[in-house]
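In: Provided below for reference: sequence and predicted model.
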Amino acid sequence: MNSLDAPGERSEMGVPPAEGWGTVTVHAPAGTITGRRSRQVRRFLGIPYAQPPTGARRFAAPVPRGRFPEPYDASRHGPTAQRVPLFATTTVPEPSVPGDDVLNLGVVAPAADDDRGPFPVIVWIHGGGFLAGSPASPWYDGRAFARDGVVCVTVGYRLGVDGFAVLDDVPTNLGLRDLLLALDWVRENIAAFGGDPGRVTVAGQSAGGAAVLALLSSPAGEGRFQRAVSLSGGFFEPRAVREFLGRLGERLGVPATRAGFAGRTVEDVQRAVLDLRDESGDNALVLGPFVGDDILPLPVAEGLAMHGHDVPLLLGATGDEFDSGTTEGAARAAGTRLTDTLFRAACPRTAKVRRGARAGTWLYSFEWPSPALGGAAHCVDIPYFFDVLDAPRVAEALGTDPPQELATSMHADLVAFLHGEEPAWARATGTLGDPAREYGRTGAPLAADTTGVFDPVVRPVSEAAGAC
């Protein structure tokens, strides 16, 4: 078991109890920050990187947090933008933490006496369809990264209407603007935690993976990170947003304006969004990155053809995503699945538009079938990449005996990439028969180089509907 702390000693949110842990202090440009330490890991959780998005700041661009006037207690996860979970039961445990200071981040770093630094940095963006999700999930615990000489940063950002509504007199893409400001905070402060501000990898899964591709395609992302990793991301650009906001305003009894939505609590708005989706039976993406502003002047695919060409990119998808347990092999080959149209098709398409990039693009496919979920389902690759198979609720999603050797292999590949190594398999170019790293296919080695796993003919991504 590759755990730095016994699994029985962690709470549901992945925070070890006080017993056996000491305090640790860093002095950063943001101020003095006090966290917790064990023999091998330092944790600084819930550090605000911006002013709370409340009152007049609720539908405004994020405002950098000033220097802390007193030592800041970073011993517990901070408030989350999620007030209402996306579903009653989610594969990833996604705790909601009350409070207004939702624009915060956590840092898990190697011990202060670890002489391998300065360390590369991974900045993790959680998923949840841009409507929900939580950076406080124990599946995002960075202890294995710290063990392997990487500083892990998990970021909270505004969600749903507060993060991605298209309203008059409201800046678009507020959630992406939050992430850009968080990356600025990392650049300015991460050295105090042992991190190297010149070796930052932005990474995420599902909506977080889509955010990675959006930032990579954006002129605003230039220079803010040096590598990128997208797990089950895609080009999730929602349609008919204003029509949806109109229906949402009617449900809430307010005009679909900044003032109207600001008059209702974040929880009320989030609950109304989810109720509308449930009633319609439509799980399509309803809010997300907006195309046509200074952050995303072009659709993501077009932006990727122009920007981020000096940033190496690792991306992939699971074999079954939202089709696990219901899909036969023939459906996969015919490209009729949501998995293919929304997630997997984005991988070769990204490789194709980046064909002329100076930095490479590498593909992976996660094929290990979870016995609990009936396939290589959405999110089941996360505990493997993070190497946290002993985290809470992993057994419910992966079964009682997930292969540790697969986690060891996948995590090692990711750590090597974060450290600046080129993946061992060949670069992708977006053509048929592209090489990829295939993880966990039944009857094959747990990690093997292969070709053709992204070859099924699929409908254009623009025709696909679904959620991440």
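Out: Structure's in. What do you need? For clarity, every value in this text was computed on a predicted model and none was experimentally measured.
In: ok, and the closest non-adjacent residue to His378?
Out: Among residues not flanking His378 along the chain, Glu321 sits closest, at 4.6 Å (Cβ to Cβ, 6 or more residues apart in numbering). Bear in mind the C-beta positions are built from the backbone N, C-alpha and C, glycine included.
In: these two touch, right, the one you found and Thr339?
Out: Yes: with contact defined as Cβ atoms under 8 Å, Glu321 reaches Thr339; the gap is 3.9 Å.
In: mind checking which of those two has more residues around it?
Out: Thr339 (30 against 27; other Cβ atoms under 10 Å).
In: you'd agree the more buried one is in a helix?
Out: Yes: remark: Thr339 belongs to a helix, assigned using DSSP: H, G, I helix; E, B strand; the rest coil.
In: wait, it sits on Asp320?
Out: Yes: contact criterion Cβ under 8 Å: Thr339 and Asp320 qualify, at 5.8 Å.
In: just the pLDDT for the residue nearest to His378.
Out: As predicted, Glu321 sits at a pLDDT of 85.
In: where's it relative to Ala346, distance?
Out: Going from Glu321 to Ala346 by Cβ to Cβ, to the nearest Å gives 11 Å.
In: next one: Val254
Out: 36 Å.
In: ranges for the strands of the stretch 251-400 of the chain?
Out: 313-318, 361-366 (DSSP state E, counting those that start in this stretch).
In: got it, and the stretch 51-200 of the chain?
Out: 72-73, 104-110, 119-125, 151-155, 195-205.
In: out of those, which is closest to Gly55?
Out: Among those, strand 104-110 comes nearest to Gly55, with 17.7 Å by Cβ to Cβ.
In: enumerate every residue touching Ser324.
Out: With contact taken as Cβ atoms under 8 Å, 6 or more residues apart in numbering, Ser324 is in contact with Pro369, Ser370, Leu373, Gly374, Gly375, Ala376, Ala377, His378.
In: of those residues, which is the most crowded?
Out: His378 (27 neighbours).
In: can I assume it is in contact with Ser206?
Out: Yes: His378 is within contact range of Ser206, at 6.8 Å (criterion: Cβ under 8 Å).
In: what about Val229, which helix or strand?
Out: Per DSSP states H and E, Val229 falls inside strand 227-231.
In: nearest residue to Leu432 other than its sequence neighbours?
Out: Excluding the flanking residues, the one nearest Leu432 by Cβ to Cβ, 6+ apart is Asp455, at 5.3 Å.
In: what's the burial count for the one you found?
Out: Counted with other Cβ under 10 Å, Asp455 comes out at 15.
In: could you do Tyr364 as well?
Out: By other Cβ under 10 Å, the residues close to Tyr364 number 27.
In: what's near enough to touch the residue nearest to it when sequence neighbours are not counted?
Out: What sits nearest to Tyr364 in space, not counting adjacent residues and going by Cβ to Cβ, 6+ apart, is Gly316, at 3.5 Å. Each residue near Gly316 by Cβ under 8 Å, 6+ apart is listed here: Ser230, Leu231, Ser232, Cys347, Leu363, Tyr364, Ser365, Phe366, Ala436, Arg437.
In: going by neighbour count, list what's buried in stretch 270-288.
Out: 270-274, 276-277, 283-288 (16 or more other Cβ atoms under 10 Å).
In: look up how far Ala412 lies from the nearest residue to Pro435 once chain neighbours are set aside.
Out: The shortest distance from Pro435 to any non-neighbouring residue, by Cβ to Cβ, 6+ apart, is to Ala426 (4.2 Å). Here Ala426 is placed at a distance of 19 Å from Ala412 (Cβ to Cβ).
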